Every structure is written in structure tokens, then in C-alpha cells.
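S.K.: Sharing a model prediction with you, sequence too.
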Amino acid sequence: MSPFIHEDWLLQSKSAKTLYHDYAKDMPIYDFHSHLSPNEIAVNKKYRNMAEIWLGGDHYKWRALRWLGVEERLITGDAPDEDKFMVWARSVPDTVGNPLYHWTHLELSRYFGIDELLTGDNARDIWNRCNERLQDEDMRANGILKRFDVRVVCTTDDPIDELA
């Protein structure tokens, strides 16, 4: 059985597979709507853990967690990072049908080489494996952009922000 996220994920026809594999797959990325922090890119941030890189500024995940009734301290509050990750992991199965479910597993697969579905049962193991991977230089902010051939990043900051 193939993993949930695989090379032909969402490609349901021969034409789609040809267009993706022969033309689009190796194209550079021009990200016109990014939630990446300009400061994190400028300083080439090294992320401490999965909660920081994955949950620290993701208002889509925050909204889902609030919708599921999670206490704010476990979303944007002062709870330990590991606790925030664990609550997200336990919540992921409840996001089936929402793009967050797909994005979660796409990111685990592409960035961390993890093809398991994230649940509360395997959260600690995935937390540890991902945090170990985050120690690699190519997982710093600029390393990730380089690895995926991101040529342009347009942030969602205020258009008149000086970005100092």
C-alpha cells in the first residue's frame, strides 16, 4: 500500500501525471502569499522544535484548534512547546476534509521524510524524529527555501512595513 502522500497524490489522470512530472515538478517556486517571517529569513533562523516552526505563526492551525475547543494556553499561550505539538497531533484526525489534514501530512513527508499519519498515538515519536531533523543546517530558514528552489517569497506583512 502506498503512503497517504506520494508522488502521484491528487494526480488522477494520465495528463495530470504528465503535466506534473514532465513539466511542473522541477520548476522553481514563486511564493506570492507567504506567512513566513521576513526576520526569520534574514537571520536564517534555526528552529528549536516542531511547535516553533509548525505552530508558532500558523493562524490556520490556531483557528482549527479553537474550533475544536482547545484552551488558548495550548494554542498561543504559555504552555510548553511539546504540549502544543501534542494537542495538535491529537487534533489532526479531526481535520479530515480540511486542507490542514493534507498540508500536515504533505509537510511531514516532504520536509521530514515521515509518511505516517499523525495521531496522538505516534505524536511523541514524530516529535522526536522531526526535532532531530531540525538540527540539520538545511532545515534552517534559508536551507528550506533553497532545498525547494524558492526564488521569490512575498510576505503577508503590511505593504508599508519597512521590514527593518
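M.R.: Structure's in. What do you need? All of these numbers come straight from a predicted model, not from anything done at the bench.

S.K.: wouldn't Arg140 be in contact with Lys45 here?
M.R.: Yes: with contacts counted by CB atoms under 8 Å, Arg140 reaches Lys45, the gap being 6.4 Å. C-beta coordinates here come from the backbone N, C-alpha and C atoms, glycine included.

S.K.: which other residues reach the longest helix that the chain contains?
M.R.: Criterion DSSP state H: the longest helix present in the chain is helix 99-112. Under the contact criterion CB atoms under 8 Å, 6 or more residues apart in numbering, helix 99-112 has outside partners 3-5, 9, 54, 60-61, 64, 92, 95, 114-118, 126, 129-130, 133, 139, 144, 148.

S.K.: go again using 6 Å as the cut-off
M.R.: The contact list for helix 99-112, computed with CB atoms under 6 Å, 6 or more residues apart in numbering, reads 4-5, 64, 92, 95, 114-115, 118, 130, 133.

S.K.: Can you give me the neighbour number for Gly56?
M.R.: 17 (other CB atoms under 10 Å).

S.K.: Spell out the secondary structure type for Asp31.
M.R.: Three-state assignment for Asp31 (DSSP: H, G, I helix; E, B strand; the rest coil): strand.

S.K.: dump the residue contacts of the closest residue in space to it that isn't next to it in sequence.
M.R.: Nearest in space to Asp31, with sequence neighbours left out and distances taken as CB to CB, 6 or more residues apart in numbering, is Val153 at 4.9 Å. Shown in contact with Val153 (CB under 6 Å, 6+ apart): 31, 34, 36.

S.K.: What's the separation between the residue positioned nearest the centre of the chain and Tyr23?
M.R.: The chain has Glu107 as the residue nearest its centroid, 4.7 Å off, counting by CA atoms, centre = their mean. Look at Glu107 and Tyr23: by CB to CB, to the nearest Å, they are 24 Å apart.

S.K.: now swap in Ser34 and tell me
M.R.: 23 Å.

S.K.: now do Trp54
M.R.: Distance from Trp54 to Tyr23, by CB to CB: 30 Å.

S.K.: quick one, phi psi at the residue nearest to Ile29 when sequence neighbours are not counted?
M.R.: Of all residues not flanking Ile29 in the chain, Val150 sits nearest, at 4.5 Å (CB to CB, 6+ apart). With angles defined as degrees, to the nearest 10, Val150 sits at phi -80, psi 120.

S.K.: How many neighbouring residues does Val150 have?
M.R.: Close neighbours of Val150, defined as other CB under 10 Å, add up to 17.
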